Structures are given as C-alpha cells and as structure tokens.
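> Structure here, sequence nowhere to be found:
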Ligand code: AMP
C-alpha cells in the first residue's frame, strides 16, 4: 500500500495504475462500516483509493473537530489488510489555501435536517468531496446510506457539475443490537451506549408500522418520538428520496431519519423503505 500525503504523491501513485479506480473518502477512525465500503470498492475496481482526512470546513464552531477520534496506526493497518492500493492522508494545508472558491449546498436541500442543525456543514462536505474527486479521479465512489442527506447532495453535485463518475450507495452496517456503526460511538459511555439504541429502535418501530399498513407520517413520527424519550431529539423526519417532506410513506421512495443527542454526542440514523 502506498501512503500519499501530497497531491503530487497521490498523482505519482495513480499514474502507474490502469483500469478503474474505486474511491472511499473517510474521516478515519475506521470501523466495519468503512470496511464494507472498502470491500465493495475492492471487488468492483482495479485500484482502490481510500482517503483519511478530518475535514475542518464541515465542522461548525463549537463542534467536535479537535476531539474527533484519530487512529492513524490502526487505520493504516485496516487499509493495508483490506487490500487498499493507495491511502491518501493529506494535512489541512495540502487540501486548503486561503480565501478559496467554495461549493455551496443548495438553498433548500442543503439547509434542512442536518443542514438546519449544522448550517454550512454541507458546504464543507461538498467542497472537500469535489477536491478529493478531482485529486483521485475515481471511476466509482462509495458512500454510506447512513449519511443519507450527504449521499443525496453528493449525488446531486455529480449531476449538477456533469462529473464523470458513479456514486455507489452502501447499506448501513450495524452492531448486532441495532446500533449503527459510527466513529462517534467511541464517545458513548456504557449507559449512553444503551440509550443510543433508542435511535435504531425508533426506526424499527417505523418499519413495523409501515409493514402493518400505517403510512401516515405524523402517526409514525409520534410513535418514534415516544421511543426516543427522554433523548434530546433534533429531528425525526419522513422524506422522499429527493428529501422532500411527505405526509404518507411511499414504499420504495421513502427515508425515515432521526438525529438526537445522547449525552453530549450527536448521533444520526435512518432507514430506507
Ligand atoms: P466518515 O468517516 O464518518 O466520514 O464516513 C465515511 C463513509 O463511511 C461515509 O460515506 C459514511 O456514510 C460511511 N459510513 C459511516 N458509517 C457507516 C455505517 N455504519 N455503515 C455504512 N457506511 C458507513
């Protein structure tokens, strides 16, 4: 595995490769969710590139940028054992200069739900992903459905800017008890870890209600909120795949999402139905 820290090192590493390039952008602290994306990239491409970059522009002032988990050694091992060809591991000065051109998230879809709770977050996400795509020039890029709104906005950006790559959505990987894997789970103490199960439990209830024929969004959200108590819920939402709020679940075109704080840790989860 080649570790590239600069744009030039990345180019040198990739120029000798032929065929398709599968790309998995991450912020590190890798877990089985990341691993599933890397495995898919490995199966479907000649060359696999993973990036690890804790992108400062997607954190708002007061968020967990400085304490975001960093696990360089373990991450390098995981990448190597997963058959990654090139690990791109830039520092902030490689990725950003001063007073730069930026990508702006769309006015509505970029500023609802995660964007309402974290205004400007998606501007940072789209900007760094654009930079990474231009550096890596992937054939396919792999993203988790766990970050559903991010996946939707990146897919939209690729369309809006006529970018020549395929976005591959990947299902959310969970612990046996339902908790969606997240690098932020390491912040949870044992009792918070138990409380955090309320997110996936609320989504399980939503799924059960829909299977039993309850399709009205308000009825589903009310039951989810009951399960989520006493967590500090930021939103419970039922949207279509275009991220428009819908009054009734449309099977095959619906995402049910939840964001809540467990102690001081902010967690998100969703189910696609
Ligand atoms: P992050 O390092 O949190 O920025 O995540 C990097 C990529 O891994 C994103 O595309 C995430 O959506 C994806 N990801 C994170 N958690 C999971 C999970 N539990 N299952 C599947 N993909 C995930």
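Everything's here; your move. Because the structure is a prediction, the values reported are computed rather than measured.
> Give the helix, strand or coil label for the residue most central in space within the chain.
Nearest residue to the geometric centre of the chain (CA atoms, centre = their mean): residue 147, 3.7 Å. Following DSSP: H, G, I helix; E, B strand; the rest coil, residue 147 is assigned to helix.
> Could you check which helix or strand contains the closest residue to it other than its chain neighbours?
In space, and not counting its chain neighbours, residue 147 is closest to residue 268: 7.4 Å by CB to CB, 6 or more residues apart in numbering. Quick note: C-beta positions are derived from backbone N, CA and C, even for glycine. Assigned by DSSP states H and E, residue 268 belongs to strand 265-272.
> ok, that strand: who's next to it in the sheet?
Partners of strand 265-272 in the sheet, by DSSP bridges, are strand 254-262 (antiparallel).
> list the contacts for residue 247?
Residue 247 makes contact with 216, 217, 218 under the criterion CB atoms under 8 Å, 6 or more residues apart in numbering.
> got the residues of this structure near the ligand?
26-27, 33-34, 36-37, 143-144, 146-147, 170, 172-173, 180-183 (CB under 6 Å from any ligand atom).
> which ones among these are found in helices?
Counting by DSSP state H, those place 33, 34, 36, 37 in helices.
> So which of those is the closest to residue 3?
Closest to residue 3 out of those is residue 34 (16.8 Å), distances taken as CB to CB.
> thought that closest one was touching residue 26?
Yes. Contact criterion CB atoms under 8 Å: residue 34 and residue 26 qualify, at 5.4 Å.
> This structure: helices as residue ranges?
According to DSSP H, the helices that the chain contains are 7-15, 32-44, 72-81, 92-95, 114-117, 121-136, 148-160, 190-211, 217-228.
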